[in-house]
Each structure stands twice: as C-alpha cells, then as structure tokens.
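# next input, structure requested:
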Amino acid sequence: ISIYQNAGASIVQQLAIALLKTKELAELYGENVFEQTVFRVAVGSQYFLEIAKIRALKILINQLSKEYNKEAIPYIFAETSLRNKSLNDPENNLIRSTLELASAMIGGADAVYANGYKLSETNSVSEEISFKQQIVLAYESIINVFEDATSGSFFVEDATKDIAERAWELFLELEKSGGYISNLESGKIQKLVYDQAVKEQNWL
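Down below sits the predicted model:
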C-alpha cells in the first residue's frame, strides 16, 4: 500500500485500501493469505500519526482475519515516504527519513527500509547513510527493544482507535460499492486519492 501514500492518500484511505486488497486476496486464495502477505507501507512525516497508523493496521488486519477464523498479526515492511522529499535538499531528506524510520520502529513494523536520501542519484555514500540510519536507531537509541513503546500514551492510543474506526468505515463503504478491483476499474479509488493529494498540496 506504499504506492497510495506516495500518491497522496490519507492514512485512513491507506488502511481502508489495505483491508480491501486483503479481503479480495482472501476470497481468491483462501484464509492462508493472512500468513503469507507482507504489507508494504510508506511512512510519512506525521510522526505520532504514523506510529498510530502502523498500530491501527495491525488491529484492522487482525479484526478482518477473524472473519476467516484466523488470529493473524500482519507482517509489516515499512519504508520511508518519497512524497515529502526534496531533490534540492538531501540533508532535510535525511532528517525526515530518520524520523519516519523511528515512527515505523516504534509503531511495531517488522522490517524497515530507508529510501536513498539523495533522490537525484544513487551512490555508495547515499546507500551507506540509508543503511546506517537504521543501525543508529536500532542499536544506539535502542527503540527496537520495546514491543509497544507507546502503549498507554493517551494521544497515540486515541489516534490509533480513531484511525482504525474511520478506516473500517471507509472499507465497508468501498466494499459495498464492489470491492478493490471494481473500485479501481471505476476510478473511485483513484479519485479519492487524487482529491486528498490536491487538498494536502493546497494546505502545504
């Protein structure tokens, strides 16, 4: 679902689309999909809300899996967003991507990846820095040792609940109008994402 974040989808839209895709896969291939699917998520710069997004994704997929008599915990591969990065300011990209990695780790992602901080070129220095960001976060700040570092935080808990509820509502609405493939073919998903992207860009 990282493609939708990079295209400008809201957090709620990203999670609703993840649910839609997962349900369609489960209907096509059976309930074992829940153990075999890797959820690729792009993490943006809204630090606490992105933590809540990862947490909400776990809750939502677990809830959906119960409809198939499963108790699935999704495997989440998180990567830094491309949407908020600058071609002309790689140092700023470095700061943003470090915070995005921290959000993903604190939120409970199973694996993280930092896209190169220099978007205009890929070289050994850029790749090395992207790799070392993860090492510094994991072994110097040790944020990866906590199973749920934000448990009990009112803001994050409340945001997680709110995001999960709104995403579930949108999922049900899109499901009623035909599901993932049908909404893609009709252009409904694209329009939702486009309208959100324009709204966000105007705000910026």
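
# low-confidence regions, the protein specifically.
Along the chain, the parts satisfying pLDDT under 70 run over 116-126, 141-142, 144-145.

# torsion angles phi and psi at the most centrally placed residue in it?
With distances taken as C-alpha atoms, centre = their mean, residue 41 lies nearest the centre of the chain, 3.4 Å away. When quoted as degrees, to the nearest 10, the phi and psi of residue 41 stand at phi -120, psi 130.

# partner residues bridging it?
residue 78 (DSSP bridges).

# what's the burial count for residue 128?
Per other C-beta atoms under 10 Å, the neighbour tally for residue 128 reads 10. Every residue, glycine included, has its C-beta placed from N, CA and C.

# name the element residue 48 belongs to?
Per DSSP states H and E, residue 48 falls inside helix 47-66.

# now for that helix, which elements pack on it?
Counting contacts by 3 or more C-beta pairs under 8 Å, 6 or more residues apart in numbering; DSSP states H and E, helix 47-66 packs against helix 11-29, strand 38-43, strand 75-80, helix 90-107, helix 154-176.

# before we move on, back to that, and the residue nearest to the centre of the chain, what does it touch?
The contact partners of residue 41, by C-beta atoms under 8 Å, 6 or more residues apart in numbering, come to 1-2, 5, 14, 18, 53-54, 57, 76-79, 104, 109.

# possible to save the residues you listed as JSON lines with neighbour count and distance to residue 147?
JSON lines is the format used below for the contacts of residue 41 (neighbours: other C-beta atoms under 10 Å; distance: C-beta to C-beta, whole Å):
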{"residue": "1", "neighbour count": "21", "distance to residue 147": "23"}
{"residue": "2", "neighbour count": "21", "distance to residue 147": "24"}
{"residue": "5", "neighbour count": "26", "distance to residue 147": "25"}
{"residue": "14", "neighbour count": "26", "distance to residue 147": "23"}
{"residue": "18", "neighbour count": "24", "distance to residue 147": "22"}
{"residue": "53", "neighbour count": "28", "distance to residue 147": "18"}
{"residue": "54", "neighbour count": "25", "distance to residue 147": "13"}
{"residue": "57", "neighbour count": "28", "distance to residue 147": "16"}
{"residue": "76", "neighbour count": "20", "distance to residue 147": "14"}
{"residue": "77", "neighbour count": "16", "distance to residue 147": "18"}
{"residue": "78", "neighbour count": "28", "distance to residue 147": "16"}
{"residue": "79", "neighbour count": "22", "distance to residue 147": "22"}
{"residue": "104", "neighbour count": "29", "distance to residue 147": "15"}
{"residue": "109", "neighbour count": "24", "distance to residue 147": "12"}
